[in-house]
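Chemist: got a sequence here, can you build the structure:
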Amino acid sequence: MYEVRFHGRGGQGAVTAATILADAAFREGKDVQAFPIFGVERRGAPVAAFMRMDTKPIDLKTQIYEPDFIVVLDPTLLDVIDVTKGLKEGGKIIINSSKKASEFKFGKAKVYTIDATKIAVKHGLGTKTNPIVNTAILGAYSK
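Modeler: Below is the predicted model:
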């Protein structure tokens, strides 16, 4: 089983990103699950979304506690919550940031960065004050 956890803020597209990734895996014949977790918060509040896929039927009905990959759509969350909690040994993290990956240290995790905000603004995805970064970061994830 392969599991991905997305961290973002309401309105950035974390839930949609998990759904798009699950749809792509389903089209490749995988069994998938995609689901969010959030409270009654409003736009801009922290949101987590999950996607798991496997070649066998998935019987789990829980959050993802030990992801293989973590996607961070909003780098300000790094100061608010432990986005790497439970990341599997050898796990990977992609962060929406203009900083270099080497500027982030998360144990032995492999870190990647992409300035998804800049890409979203350049291509008119959302607005300058509320860019929708999910598609840009999914493109980087797919590489």
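
Chemist: C-alpha coordinates for the longest helix seen in the chain, PDB please?
Modeler: Taking DSSP state H as the criterion, the chain has its longest helix at helix 14-27. Listed next in PDB are the C-alpha coordinates belonging to helix 14-27 (Å, rounded to 0.1, in the frame of the first residue of the first chain):
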ATOM      1  CA  ALA A  14      -5.500  19.900  -0.900                       C
ATOM      2  CA  VAL A  15      -8.700  17.900  -1.000                       C
ATOM      3  CA  THR A  16      -9.000  18.200  -4.800                       C
ATOM      4  CA  ALA A  17      -5.300  17.200  -5.200                       C
ATOM      5  CA  ALA A  18      -5.900  14.000  -3.200                       C
ATOM      6  CA  THR A  19      -9.000  13.300  -5.300                       C
ATOM      7  CA  ILE A  20      -7.100  13.900  -8.600                       C
ATOM      8  CA  LEU A  21      -4.200  11.700  -7.500                       C
ATOM      9  CA  ALA A  22      -6.700   8.900  -6.500                       C
ATOM     10  CA  ASP A  23      -8.500   9.200  -9.800                       C
ATOM     11  CA  ALA A  24      -5.300   8.800 -11.700                       C
ATOM     12  CA  ALA A  25      -4.300   5.700  -9.700                       C
ATOM     13  CA  PHE A  26      -7.800   4.300 -10.200                       C
ATOM     14  CA  ARG A  27      -7.500   4.700 -13.900                       C
END
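
Chemist: average model confidence for it?
Modeler: On average, the pLDDT along helix 14-27 is 96.

Chemist: beyond it, next helix or strand please.
Modeler: strand 31-37 (DSSP states H and E).

Chemist: contacts for the helix or strand of the chain with the lowest mean pLDDT?
Modeler: Averaged element by element with mean pLDDT, DSSP states H and E, the chain has its least confident helix or strand at helix 134-142 (a mean of 92). For helix 134-142, contacts defined as Cβ atoms under 8 Å, 6 or more residues apart in numbering pick out 8, 12-14, 16-17, 20-21, 69, 71, 73, 94, 96, 112, 114, 116, 119-120, 123, 125. C-beta: built from backbone N, CA, C; applies to glycine.
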